[in-house]
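In: Model the structure of this input:
(chains A and B)
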Amino acid sequence: MTNVILIAVCVLGAIGLIAALVLWGTAKKFAVKEDPRIGQVQEALPGANCGGCGFPGCGGMAAACVKAADQGSLEGLSCPVGGQECMNKVAAILGMEAAVSAPKVAVVRCNGTCENRPRVVEYDGVKNSRIANTTAQGETGCQYGCLGCGDCVAACQFDAIKINPTTGLPEVDRTKCTACGACAKACPRTIIEIRQVDEQKQGMVVTCMNKDKGAVANKVCAASCIGCGKCKNVCGAEAITVENNLSYIDAEKCISCRACEEACPKACIIMLGEPRKEIKKPAAPAAKPAASTAAATPATESAAPAAKNTNTRPYDKPIELKFDAPLLPSQQYMLAGTVDLVRSESKAADTAVENIEHSYDAPLMPSQQILLGIKTKKA
Amino acid sequence: MKTFRIGGVHPAENKLSAAEPIKVAELPKIAVFPMGQHIGAPAKPIVQKGDKVKVGQMIAEAGGFVSAPIFSSVSGTVLKVDTIIEASGYKKPAVFITVEGDEWEESIDRSTDLVTLADRPELTSKDIIDKIQKAGIVGMGGACFPCHVKLLPPPGSKPEWVIINAVECEPYLTADHRLMLEHADEIIVGLTLLMKAVDVKKGFIGIENNKPDAIKLMQEKAKAYPESEVVPLKVKYPQGGEKQLIDAVVRRQVPAPPALPVSVGAIIQNVGTAFAVYEAVMKHKPLFERYTTVTGKQVKNPGNFLVRMGTPMKDLIDACGGMPEGDNKLLAGGPMMGKALTSTEVPICKGTNSVTIISGEEAFRKEPNPCIRCAKCVSACPMGLEPYLLAKLAAVQNWERAEKEEVVSCIECGSCQFTCPAHRPLLDNIRQAKSTVMGIIRARAAAAKK
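Out: Numbering: from 1, shown residues only, chains lettered A, B, ... in the order given. You can find the predicted model right below:
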């Protein structure tokens, strides 16, 4: 009896030993040789894997840093999340000089709030900026402005950008923003720009993207740039260009004297972090439905001249999952394609835009926890 | 009865205007002609402010081979060359003409007597295609593909049949139906012209079975032309899709893009296109008017119109009783493949087969719910794709995988979104993937050429 057990143990032990030797030999022979500096540099990096540096994750950045160090300079490499401090550490590990890069922050270049830029139609499609952008120019008369769908919010990994429910526009928290560029890439209209700022994360910026002629832009948004050029005339640093009826401030040349902000008749130049000057508004769009909006789509004019509110949408009723009939396809009146609404009057300007937030909206079944980007919820 | 073999759904037909004879729409006060009314390069205006034009006069020349010229549908003075919000939802360049009178180009034959190929034996295939190109004819079913390009298939192709698409599977639309009832003779001559143009011996006319009067009439008329055959088809959406029609009528499956239907021997043309071809070749009439349905459950008088292009939709809507009260969606096209518009000033263009107004609670989309993995979308997809997967790939922007999963084969029919019990916006997401992947493929091809 014991003999059998002993033999069994010895045999298995021998197999185990041989297997271990084989594995050890294989590991040694096929080992991937990695420069140990890459691991060290990666330790010094924040580990957010946001891709803001332009490389695939912190591992990619570490490899790039080591490669650059071997070629002589760390010029052009910078981790937006870790900042200067982090790059100093990396440089120290590699025995190099750290490149100094100016602080940057994401800036939303649109001030077409619900109040400034009245809606003339309602978008009933998918709340996704890219999709909405291919649908139509938007709910207002401006085809360059923010659609308020929040792809930028979904893209941010640092919780630094949120849609303001009153204005309908995204707002950047400059203290949290790492200038990784994810929101700028996500915006289909390139409204968000990663701009150079000073140590207080402040700088001058034109908050408009409208390239239509001044008179046209003026009609659709109270805060639009009309390309008048006054800012360019007063600029002491030759930092402003006006092209295609739109002003642009070169952040690297700007000296933040704020003369342009003072001169702008439409209050569309601001100093980040400072209050904006008063905008001259046209007749209050909230009071008269559609009368003041000169996007003036006849949809708003042609319908009932009376100001009767025929808003039948049950915004305040809870949305219930409802099949009109037992799964008969013909009764699921889905309107494929884009679905915009031609309202008989424009919405009141003070209607809140829904809060946009990430959410998993399913029970714990694995198949249903599928992240689908944007999910809107009623405020 | 014949039908296509993969997928399909059955939306409510809502052919509210099927019994309405075609009315001639009134001329607008100002006609607006956007330059992009077809697939391919936009047309280039050749008129300027102040020019006098006649009906049928060219106002914009083709922007390339895959393009088409645009002809004025009105007589008057050019008001301006400016931009207007058109079906894309954006402002695009257009020619505006103030309408004065109704003076036609002398070259257009306005008589209504039938002219057949037998009356014009001197017409060659080249003549026909040439006249079609010069008349600015594009696919009238809504896709607006320049007709002459389709009739000049790539070298090595062997067309065997011309199939006329008189299916009109889209709910609400009835203009093609009425066109058949009122111009059956001309349509069949148009078919013979198309057959001659591509040198084939057999032509089919596919008609869905919900139009028995049209089927009967066309079968009567087709008796005089033994090379053409009317094929009644089972009612199923999207029977009117090119590939579905080919599968149903001749039982061939078109391979994935970049393969064309002609690679399996079939050339498809819409019935409205066939009629336009007849008018262009036999009556020297360029394309400047079309048959359009104006419809909707709350529209007071839905109808079918012969409308001059450039007429603002508002005019047609007013002719039918005006926009209904309350919330409305204005669609260029039908509820499945149509596009909702942001303005009633959008002009009728070459591809505007219908103006559909969806009103009231029906007009609102339902709130999407999570995917329940029921696979109804997979059953419904007429191209055999997996819509739930493509939509998910679009949402996470995985273009590589989307390309592998054949997203470019999607015909954007909307069956998936229609049938989804969770009301997920599948088509909207798939469209994103499709256009992005097609861009990637084009960029790759351009880089490879260098």
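In: Now do residue A:93, the pLDDT please.
Out: Per-residue pLDDT puts residue A:93 at 87.
In: In the stretch 251-400 of chain B, what residue spans correspond to strands?
Out: B:266-270, B:289-295, B:303-308, B:328-332, B:339-340, B:354-359 (DSSP state E, counting those that start in this stretch).
In: Specify the stretch among those that is closest to residue B:24.
Out: When those are compared by CB to CB, strand B:303-308 sits nearest residue B:24, at 5.0 Å. Every residue, glycine included, has its C-beta placed from N, CA and C.
In: thinking again about what came up before, same list, the strands of the stretch 251-400 of chain B, but as JSON lines with mean pLDDT, mean neighbour count and distance to residue B:85 please.
Out: As requested, these are exported to JSON lines (pLDDT from 0 to 100; neighbours: other CB atoms under 10 Å in any protein chain shown; distance: least, CB to CB, whole Å):
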{"stretch": "strand B:266-270", "mean pLDDT": "97", "mean neighbour count": "25", "distance to residue B:85": "26"}
{"stretch": "strand B:289-295", "mean pLDDT": "96", "mean neighbour count": "26", "distance to residue B:85": "19"}
{"stretch": "strand B:303-308", "mean pLDDT": "96", "mean neighbour count": "24", "distance to residue B:85": "19"}
{"stretch": "strand B:328-332", "mean pLDDT": "91", "mean neighbour count": "26", "distance to residue B:85": "12"}
{"stretch": "strand B:339-340", "mean pLDDT": "90", "mean neighbour count": "24", "distance to residue B:85": "12"}
{"stretch": "strand B:354-359", "mean pLDDT": "94", "mean neighbour count": "26", "distance to residue B:85": "15"}
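In: and these as JSON lines, adding distance to chain A?
Out: Putting the strands of the stretch 251-400 of chain B into JSON lines (distance: least, CB to the nearest CB, whole Å) gives the following:
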{"stretch": "strand B:266-270", "distance to chain A": "19"}
{"stretch": "strand B:289-295", "distance to chain A": "14"}
{"stretch": "strand B:303-308", "distance to chain A": "18"}
{"stretch": "strand B:328-332", "distance to chain A": "5"}
{"stretch": "strand B:339-340", "distance to chain A": "4"}
{"stretch": "strand B:354-359", "distance to chain A": "6"}
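In: Indicate which one of those is closest to residue B:435.
Out: That would be strand B:339-340 among the strands of the stretch 251-400 of chain B, by CB to CB, at 14.2 Å.
In: what's the closest one packed up against?
Out: Where contact means 3 or more CB pairs under 8 Å, 6 or more residues apart in numbering or on different chains; DSSP states H and E, strand B:339-340 is packed against strand B:328-332.
In: Please give the centre-to-centre distance between the strand it packs on and its chain.
Out: Averaging C-alpha positions (CA atoms, centre = their mean, to the nearest Å) puts strand B:328-332 17 Å from its chain's average.
In: just the helices in the chain please.
Out: No chain specified, so I'll use chain A. Assigned helices in chain A, in chain order: A:2-29, A:36-44, A:57-71, A:83-94, A:129-135, A:151-155, A:182-186, A:214-220, A:230-234, A:259-263, A:298-302 (criterion: DSSP state H).
In: meant chain B actually
Out: With DSSP H as the criterion, chain B has helices spanning B:125-134, B:147-150, B:175-198, B:212-222, B:242-250, B:271-283, B:313-319, B:376-380, B:387-395, B:399-404, B:415-419, B:426-449.
In: For those, please prepare a markdown table with the additional fields mean pLDDT.
Out: Putting the helices of chain B into a markdown table (pLDDT from 0 to 100) gives the following:
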| stretch | mean pLDDT |
| --- | --- |
| helix B:125-134 | 96 |
| helix B:147-150 | 96 |
| helix B:175-198 | 96 |
| helix B:212-222 | 96 |
| helix B:242-250 | 96 |
| helix B:271-283 | 97 |
| helix B:313-319 | 95 |
| helix B:376-380 | 96 |
| helix B:387-395 | 95 |
| helix B:399-404 | 96 |
| helix B:415-419 | 94 |
| helix B:426-449 | 94 |
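In: can you put those in TSV and add distance to residue A:148 and mean neighbour count?
Out: Shown next, in TSV, are the helices of chain B (distance: least, CB to CB, whole Å; neighbours: other CB atoms under 10 Å in any protein chain shown):
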stretch	distance to residue A:148	mean neighbour count
helix B:125-134	45	18
helix B:147-150	40	23
helix B:175-198	37	24
helix B:212-222	47	17
helix B:242-250	38	23
helix B:271-283	39	26
helix B:313-319	27	20
helix B:376-380	29	21
helix B:387-395	19	25
helix B:399-404	25	16
helix B:415-419	23	28
helix B:426-449	17	17
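In: What is the burial count for residue A:234?
Out: 16 (other CB atoms under 10 Å in any protein chain shown).
In: got a list of what it touches?
Out: Contacts for residue A:234 (CB atoms under 8 Å, 6 or more residues apart in numbering or on different chains) come out as A:259-260, A:262-263.
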